[in-house]
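**Q** show me the folded form of this:
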Amino acid sequence: MKSKLTGFAVTLLLAITMASFTSDKETLYKETEGIKITYTKQQKQLNPTEVAEYLIVKISNTNSYAVKLNWKLDLWYNGNCRTCDKPSPTGYEFELDLKPGETVTGDINKDDLMLKIWFRNIKPAREGGLTRFEFTNLTVSKN
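**A** Just a heads-up that it's a prediction; the model follows:
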C-alpha cells in the first residue's frame, strides 16, 4: 500500500511539473557565419493565478572551430524599444564562447537574460507584450 501511495505521489509530482510549462515549435531567428539562433515559445506557471510566456533561445555553433559571439539584445514592447540607445553597460550586452559543434539553450526555470526573453503574460491577460527583438551588432569571431 505504501509503495502504491509513493508511486502515485511521484506520478502526481511529475504531472504538475510537466503542466507548469508548455513548449511551442522551434523558429529560426538567424543563421550566419556557422552560427544558428533559434527560439521556442514556452509558457510557465509562475504561481496559481499567473502564467507567463517566454522566448527560449538556442544558439548552435556548426563550425569546426571555437567562436566568440558578441551582441546587444534590443527588445521592443508594444512597439517601443526599451533597450535601444541606452549607454553601455545596459545589462543586455552579451558575450558567449562556443566550442566546435556546441549548442546552448535557455532554461525557462532560470533567470537568464541572455537566453530567456519575457514575451507576455497570458494569465491574467494583459495588453501588449514583446513585439520585436534583435541581436543588434551580432559579431562572430574565431576564438
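
**Q** per-residue confidence for G129?
**A** Looking at G129, its pLDDT is 90.

**Q** how far away is the residue lying closest to it once chain neighbours are set aside from K36?
**A** Distances taken as CB to CB, 6 or more residues apart in numbering place R120 nearest to G129, at 3.0 Å, with adjacent residues excluded. Every residue, glycine included, has its C-beta placed from N, CA and C. Distance, R120 to K36, using CB to CB, to the nearest Å: 25 Å.

**Q** now swap in I117 and tell me
**A** 17 Å.

**Q** repeat for W76
**A** On the measure of CB to CB, W76 and K36 end up 23 Å apart.

**Q** now T139
**A** Taking CB to CB, one finds T139 at 16 Å from K36.

**Q** give me the element the residue nearest to G129 is part of.
**A** With secondary structure defined by DSSP states H and E, R120 is part of strand 116-123.

**Q** what residues does the following helix or strand past that strand touch?
**A** Sequence-wise, the next helix or strand downstream of strand 116-123 (DSSP H and E) is strand 130-142. Residues outside strand 130-142 that contact it (CB atoms under 8 Å, 6 or more residues apart in numbering): 29-30, 32-35, 37, 55, 65-79, 84, 117-120.

**Q** what of stretch 30-47?
**A** Contacts of stretch 30-47 (CB under 8 Å, 6+ apart): 19-29, 51-63, 67, 69, 98, 108-109, 117, 119, 122, 135, 138, 140.

**Q** report the buried residues of it.
**A** Residues I35, I37, T38, Y39, T40, K41, Q42, Q43, K44, Q45 are the ones in stretch 30-47 that count as buried (16 or more other CB atoms under 10 Å).
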